[in-house]
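Q: sequence and predicted model, in that order:
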Amino acid sequence: MKHNRRQRKKLHIGEFREIGFQVTADLSRALNEGQRYALIDAFLEQCIEANGMLFGGGINRDMDGYIVADGKRKSATEEQRAYVRQWLEGRAEFTAIRVDPLTDAWYGHD
């Protein structure tokens, strides 16, 4: 089926496709509430917001979430993906880090 420009925009396909990536990691040790909040704040401020991204997910007994670019009709990049991996690997709180390949943020395929 052929979609016109308005339909492609509404469906987030074609030139309006938005790309993101899944990220997961285990915590190397249990954190108390204050430590967990400090880690979440550091991750969001230093890694996510500082690099023009948004994170949907959380950090409880592990980290699990999806990252997209901050802005309407923007896509995450390989550089942002690499930065997230580097930031997580530089933190002693995380082990078993997995930063998945870029995928379609709306439909889940590459």
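A: Looks like it came in fine.

Q: what sits against the residue nearest in space to the middle of the chain?
A: Taking CA atoms, centre = their mean, the centroid of the chain lies closest to Ile67, which sits 1.7 Å from it. The contact partners of Ile67, by CB atoms under 8 Å, 6 or more residues apart in numbering, come to 20-23, 48, 53-56, 76, 80-81, 84. C-beta: built from backbone N, CA, C; applies to glycine.

Q: what about 7 Å?
A: Counting by CB atoms under 7 Å, 6 or more residues apart in numbering, Ile67 touches 20-21, 23, 48, 53-55, 76, 84.

Q: what of Val23?
A: 63, 65, 67, 84, 99.

Q: next helix or strand past the helix or strand where the first one lies?
A: When elements are defined using DSSP states H and E, Met63 is found to belong to strand 62-69. Beyond strand 62-69 in the direction of the C-terminus, DSSP H and E gives the next helix or strand as helix 78-89.

Q: measure stretch 58-76 end to end?
A: 19 Å (CA to CA, to the nearest Å).

Q: in it, what counts as buried?
A: Residues of stretch 58-76 classed as buried by neighbour count (16 or more other CB atoms under 10 Å): 59, 63-69, 74, 76.

Q: still on that earlier bit, pairing partners for the strand holding Met63, with directions?
A: The pairing partners recorded for strand 62-69 under DSSP bridges are strand 19-27 (antiparallel), strand 53-59 (antiparallel).

Q: just the buried positions in the longest one, please.
A: Okay, so that is strand 19-27. So strand 19-27, judged by 16+ other CB under 10 Å, has buried residues 19-25, 27.

Q: cool, thanks, signing off.
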